[in-house]
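Chemist: one predicted model, sequence on top.
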Amino acid sequence: MPVLRADGAVGTIAGCVPVAAARVGAEMRRLLPAPPADPVPDLVELFGNDARPARAGRPWVVANMIASLDGEIAVEGRSGPLGGPADKAAFMALRSVSDVIVVGAGTAAAERYGPVRLADEVQDRRRRRGQQPLPRLAIVSASARIDRSLPLFDGPTPIVLTTADAPPDRVEALAAVADVHQHGTGTVDLAAAFAQLYTDGARVVLTEGGPTLLGHIAGADLLDELALTIAPLLAGGSGPSIVAGLAPGVRPFTLERLLEADQFLFARYVRA
């Protein structure tokens, strides 16, 4: 059976430090759609060739989340223990297609986010596609309460998405280390924030959570694609689902692809 090999760097969320330049780790089987007769491309190529049509005045928005068999999204407050080499490869391959990576301030702190890093070969592919070598990192915080000691501030200048009524002293402090965008009052107006990212050149935005941010994105009808990894374990606990605070209502998605590696399932769902 043809297999997929991950082509790109693998690293932890905290530092996103590559541990291999290319062709890392786990082999993946395509379960859906049926495996083609020709050799299957690597993950970076596969994800990069997925259709993500232009939206009117905003980027295509992808969410990448992981959950255990019993629906838990973290172990002792962190998602990292749920994953493995194959999940890290998929994580990095998804990062490779994005122009901006958006994450909630709580997740950035819990996972100790660092600067985005991709293998040199992957950066070259991005240049050939007309993208910047690395995606930018954007942190969402309505209150502009972000720990400036986080390692994410040690690399390229990140973006902060906050509100017009965020405390001015916090906004001023963050403006010294980040590009601060203010949209909405009380809560960040994500539609306006994403529209500005689009104006600034972003065509694909990837969000890595947490669940509250994903709830706001889905609630604003901005979620176009969900990359969901199912980890082959029971985690226990009573934490939130991958989406928190979403008002009741049916929002249909279509299963476009299903991969498997090391007993993990990797599903690509697209808004129907």
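Modeler: Received it, and whenever you're ready, just let me know what you need. Residues are numbered from 1 along each chain as shown.

Chemist: Leu31 sits in which helix or strand?
Modeler: Applying DSSP states H and E as the criterion places Leu31 in strand 24-32.

Chemist: pLDDT on that strand, on average?
Modeler: Average pLDDT, strand 24-32: 73.

Chemist: do the same with stretch 48-65
Modeler: Stretch 48-65 comes out at a mean pLDDT of 94.

Chemist: pull out the buried residues from it.
Modeler: Gly48, Asp50, Arg52, Arg58, Pro59, Trp60, Val61, Val62, Ala63, Asn64, Met65 (16 or more other CB atoms under 10 Å). In this view, the C-beta of every residue, glycine as well, is placed from N, C-alpha and C.

Chemist: against which helices or strands is the helix or strand following the strand holding Leu31 packed?
Modeler: As assigned by DSSP H and E, the chain's next helix or strand after strand 24-32 is helix 43-48. Packing partners of helix 43-48 (3 or more CB pairs under 8 Å, 6 or more residues apart in numbering; DSSP states H and E): strand 4-6, helix 85-95, helix 120-128.

Chemist: export the longest one as PDB, just CAs?
Modeler: Spelled out, that is helix 85-95. The C-alpha trace of helix 85-95 is given here as PDB (Å, rounded to 0.1, in the frame of the first residue of the first chain):
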ATOM      1  CA  PRO A  85       5.900  11.800  16.000                       C
ATOM      2  CA  ALA A  86       3.200  11.500  13.400                       C
ATOM      3  CA  ASP A  87       1.100  14.200  15.000                       C
ATOM      4  CA  LYS A  88       4.100  16.500  15.200                       C
ATOM      5  CA  ALA A  89       4.800  15.900  11.500                       C
ATOM      6  CA  ALA A  90       1.200  16.800  10.600                       C
ATOM      7  CA  PHE A  91       1.400  19.800  12.900                       C
ATOM      8  CA  MET A  92       4.400  21.100  11.100                       C
ATOM      9  CA  ALA A  93       3.100  20.300   7.600                       C
ATOM     10  CA  LEU A  94      -0.100  22.400   8.400                       C
ATOM     11  CA  ARG A  95       2.100  25.200   9.600                       C
END
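
Chemist: what's that helix packed up against?
Modeler: Checking 3+ CB pairs under 8 Å, 6+ apart, helix 85-95 ends up next to strand 4-6, strand 24-32, helix 43-48, strand 60-67, strand 225-230, strand 264-271.

Chemist: after it, which helix or strand is next?
Modeler: Per DSSP H and E, the first helix or strand lying C-terminal to helix 85-95 is strand 100-104.

Chemist: what's the angle between that next one and strand 60-67?
Modeler: Here the directions of strand 100-104 and strand 60-67 differ by 50 degrees (axes from the mean of the first three to the mean of the last three CA atoms, to 10 degrees).

Chemist: same for strand 100-104, what does it pack against?
Modeler: By 3+ CB pairs under 8 Å, 6+ apart, strand 100-104 packs against strand 136-140, strand 204-207, helix 211-219.

Chemist: tell me what angle the longest one forms with strand 136-140.
Modeler: Which is helix 211-219. 100 degrees.

Chemist: packing partners of helix 211-219?
Modeler: strand 60-67, strand 100-104, strand 204-207.

Chemist: please repeat the previous calculation with a cut-off of 7 Å.
Modeler: strand 60-67, strand 204-207 (3 or more CB pairs under 7 Å, 6 or more residues apart in numbering; DSSP states H and E).
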